[in-house]
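> Sequence first, then the predicted structure, then my questions.
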Amino acid sequence: MNIIGYIKKINGPVVEIKGLNNIHMMEVVEVSDERVIGEVVRIIGDKDTAVVQVYEDTTGLKPGAPVYGSGMPMSVELGPGLTGNIFDGIQRPLLTIETLSGNYIKRGVRCPSLDRSRKYEFIPALTTGMKVKGGEILGSVQETELLSHRILVPPTASGIIKQIAPQGDYGVESVLAVLDGGTELKMYHRWPIRKPRPVGKRLPFDRPLITGQRVIDTLFPIALGGTATVPGGFGTGKTIVQHQLAKYAQADVIVYIGCGERGNELTDILLNFPKLLDPASGKPLMQRTIIIANTSNMPVAAREASIYTGVTIAEYYRDMGYNVAVMADSTSRWAEALRELSGRMEEIPAEEGFPAYLPTRLAEFYERAGYAATLSGGNGSVTIIGAVSPPGGDFSEPVTQHSKRFIRCFWALDRQLANARHYPSISWTESYSEYLEEMSVWWGKNVSEEWFDLRSRIMALLQSESRLQNVIKLVGPEALPESQRFILEVCALFKNAFLQQSAYDSVDAYSSTTKQVRMLRLILKYYEAGAALLKKGVPLARLKKVKVYSELLRMKFSISNEEIGKFDLLEEQLGKSLAKMEIMYK
């Protein structure tokens, strides 16, 4: 590395350098002889000054120290060894750093992101003389028991294969192929984190990301390759929702970005994730999970970069033809890092002190989601689910409002539900999904043609119940006719038997799509038959005492995903009980 300047001024993580020599915007630099990593974010030409945001602690640095340039933008290494690993915001492997510097990250510690000593069995997919272009699959290695890692030709490379390695064990630095012109292809390549990876073409959304969480899949579904945000105040369960999605969402790869979260929360993730088993295979969940850990006490500049590091890794696995789910927890802490860096660079603030370019940065982040035809000839997707932590639970603050402009699925968390221990605490009155029209086609073809109709009917009941609750606050429930009180009872049954879901129960933690439809159909059948009986004079108290009512409450625990036939028996019992009641009151 060559010296490109000298420290002029230090303001927290922001360092000004002078005496510029062949410097570039967004170039990675090393500050002082301690080689502290930073990135050039501004060049002031007429003053011969540049601004660097530093990704490590700047305590002890002093003016006049040299700054070394790399000539490259901030990039990540993409290759085997990503899955099952834990990185910080700039892709330094934390488990490797622990062996080098102990429990605390020493300033200037350096180590490669991918393990150079590990060997993988490479199986070539191409032969000598074949013409290749960027994004094609060169071969594959078995990265973990759950994931076959497809070695990709870098998007910027193309040519005719002059030489390719035979099947055998190789390290990530091994040259696997040589193209005409002398271009060497290794098992890994680098890619700038702020530059989206290219795809063949964007594809329309045609299927949901099935999560097994009933309130999401049935009421507010998200498309495979879609975007969602989970806003909620402290203690409302944002992290719980993302943990459940990471465990049960039908994605091939999970990228979890702990961006500026409290250390105890990330410690819980780091300790528990390796112990979790993948429900589909029974293998450790970490075999298809990548964790970006950037706690709130780490430098803010690295927090700002962690979002891009995570989504770039997700795009890499998408280019292999996999479906990837990105959990960003939380984008509010990321926005706060932007605000702090912007303030230190003396930029003019916008609302609540956030920089004026906050909406642009949010748009650029969520735009990197999508379902696409890859350059390798397959299809892959990146689904982004970002948590938002509005101060005081105020959804009118800038991060929440700007996020709503760029996402199509909004899962608002409700503090009253969380206080009542109703999880997931997703509000059915404030949440929405704009993917309903596209997803109803998939549900109709693959699960049940009546799904959209059932969902519409239960949502209409919930809206009626919300209006009735406002009336009750004024006159009390006794003033309502029995038909309206029955709506309240059915909605209470729906909330307790359907929307509330236990993450700790082996049967209830995950609900298949078929189970969700059958549960919803039974609850609506109870409502429609009960409403008809009320018109015939059957008292409401009698309807609540029907024997099968308790079975409806317990069906989420008593009927597993493999015992769908039991719903037929339950539906038959419900029909007989209500028919018997009708005869009694004729």
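That came in fine, so what should we check first? Residues are numbered from 1 along each chain as shown.
> By average pLDDT, which secondary structure element in this structure comes out worst?
The weakest-scoring helix or strand in the chain, judged by mean pLDDT, DSSP states H and E, is helix 263-272 (a mean of 74).
> For the stretch 101-250 of the chain, which segments are assigned as strands?
With DSSP state E, counting those that start in this stretch, the ranges of strands along the stretch 101-250 of the chain come out as 120-124, 131-132, 137-142, 148-152, 159-164, 168-170, 175-179, 184-186, 189-192, 201-202, 227-231.
> which of those strands sits most buried?
Ranked by mean neighbour count under mean count of other CB atoms under 10 Å, the strands of the stretch 101-250 of the chain are led by strand 227-231, which reaches a mean of 27. Placement of C-beta: from N, CA and C, glycine included.
> next one: that strand to chain centre, how far?
9 Å (CA atoms, centre = their mean, to the nearest Å).
> model confidence over that strand, on average?
On average, the pLDDT along strand 227-231 is 96.
> List the contacts of that strand.
Contacts with strand 227-231, where a contact means CB atoms under 8 Å, 6 or more residues apart in numbering, come from 222, 238, 241-242, 331, 366, 369, 383-390, 395, 400, 403-404, 406-413.
> Which ones among those lie within helices?
238, 241-242, 331, 366, 400, 403-404, 406 (DSSP state H).
> can you tell me which two in the residues you listed are farthest apart?
V241 and F406 (19.5 Å; CB to CB).
> what about the two, which has more around it?
Neighbour count, other CB atoms under 10 Å: between V241 and F406, V241 has more, with 27 against 18.
> Make sure the more buried one is actually in contact with W411.
Yes. The criterion here is CB atoms under 8 Å, and V241 meets it with W411 at 7.1 Å.
> overlap in contacts of these two?
Joint contacts of V241 and W411 (CB under 8 Å, 6+ apart) are 230, 426.
> For the longest helix along the chain, name the packing helices and strands.
Longest helix of the chain, by residue count under DSSP H: helix 451-475. Counting contacts by 3 or more CB pairs under 8 Å, 6 or more residues apart in numbering; DSSP states H and E, helix 451-475 packs against helix 436-446, helix 482-494, helix 513-535.
> Go ahead and measure how far that helix is from the middle of the chain.
Using CA atoms, centre = their mean, the offset of helix 451-475 from its chain centre is 30 Å.
> and what of stretch 578-586?
51 Å.
> Contacts for that stretch next, please.
526, 529-530, 533, 536-538, 542-543, 546.
> Pick the one among the ones in helices among the contacts of strand 227-231 closest to S550.
Using CB to CB, these come closest to S550 at V241, 29.0 Å.
> roughly how far apart are the closest one and E528?
According to CB to CB, to the nearest Å, V241 and E528 sit 32 Å apart.
> for G444, same thing?
G444 is 21 Å from E528, by CB to CB.
> With Y6 instead?
With CB to CB as the criterion, Y6 and E528 are 78 Å apart.
> how about low-confidence regions in this protein?
Applying pLDDT under 70 to the chain flags residues 46-47, 585-586.
> Name the residue closest to the centre of it, please.
Closest to where the C-alpha atoms of the chain average out (CA atoms, centre = their mean) is M327, at 2.2 Å.
> Just list what the host helix or strand of that residue packs against, helices and strands only.
For M327, the host element (DSSP states H and E) is strand 323-329. With contacts taken as 3+ CB pairs under 8 Å, 6+ apart, strand 323-329 sits against helix 238-248, strand 253-261, helix 300-319, strand 379-388.
> for it, the distance to its chain's centre please.
Taking CA atoms, centre = their mean, one finds the center of strand 323-329 at 3 Å from the center of the full chain.
> in its sheet, what does it sit against?
strand 253-261 (parallel), strand 379-388 (parallel) (DSSP bridges).
> quick one: that strand to helix 238-248, angle?
160 degrees (axes from the mean of the first three to the mean of the last three CA atoms, to 10 degrees).
> wouldn't L219 be in contact with L461 here?
No. Under the criterion of CB under 8 Å, L219 is not in contact with L461, lying 12.0 Å apart.
> Compare those two and say which one has the larger neighbour count.
L219 (23 against 18).
> Tell me how far that one lies from G225.
Counting by CB to CB, the gap from L219 to G225 is 20 Å.
> same thing with S101?
Distance from S101 to G225, by CB to CB: 39 Å.
> Comparing these two, which residue is more hemmed in?
G225 (26 against 14).
> Quick one: neighbours of the residue nearest to that one when sequence neighbours are not counted, just the number.
In this structure, G225 finds its nearest non-sequential neighbour in Y371, 3.1 Å apart by CB to CB, 6 or more residues apart in numbering. Y371 has 22 neighbours, counted by other CB under 10 Å.
> same check, this time on the one 5 residues further on
Residues contacting S376 under the criterion other CB under 10 Å number 21.
> One more: R344?
Neighbour tally, R344, other CB under 10 Å: 17.
> Hmm, V14 and it touching each other?
Yes. Using CB under 8 Å, R344 is in contact with V14, at 4.2 Å.
> what's the angle between the helix or strand that the least confident helix or strand of the chain is followed by and strand 253-261?
Under the assignment DSSP H and E, the closest C-terminal helix or strand after helix 263-272 is strand 289-295. Angle of strand 289-295 versus strand 253-261, following the same axes, to 10 degrees, is 10 degrees.
> what residues does strand 289-295 touch?
82-89, 94, 246, 253-263, 266, 269-270, 273, 302-303, 306, 309-310, 313.
> just stretch 305-314 next, same as before
Contacts for stretch 305-314 (CB under 8 Å, 6+ apart): 39, 55, 74, 76, 78, 82, 87-91, 191-194, 197, 253, 255-257, 259, 290, 292, 294, 324, 326, 328, 331, 334, 365, 368, 382, 384.
> And the buried ones among these, selectable in ChimeraX?
In ChimeraX syntax, the buried subset of the contacts of stretch 305-314 is picked out as below (16 or more other CB atoms under 10 Å):
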select :39,55,74,76,78,82,87,88,89,90,91,191,192,193,197,253,255,256,257,259,290,292,294,324,326,328,331,334,365,368,382,384
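> The stretch 51-200 of the chain: helices as residue ranges?
94-101 (DSSP state H, counting those that start in this stretch).
> out of the helices and strands packed on strand 323-329, nearest to S431?
Here helix 238-248 is closest among the helices and strands packed on strand 323-329 (CB to CB), at 11.6 Å.
> now the closest one against helix 263-272, angle please.
Using the same axes, to 10 degrees: helix 238-248 against helix 263-272 is 20 degrees.
> so F365 touches I384, yeah?
Yes. With contact defined as CB under 8 Å, F365 counts as touching I384 (7.4 Å).
> Now do the shared contacts for the two.
Joint contacts of F365 and I384 (CB under 8 Å, 6+ apart) are 311, 328.
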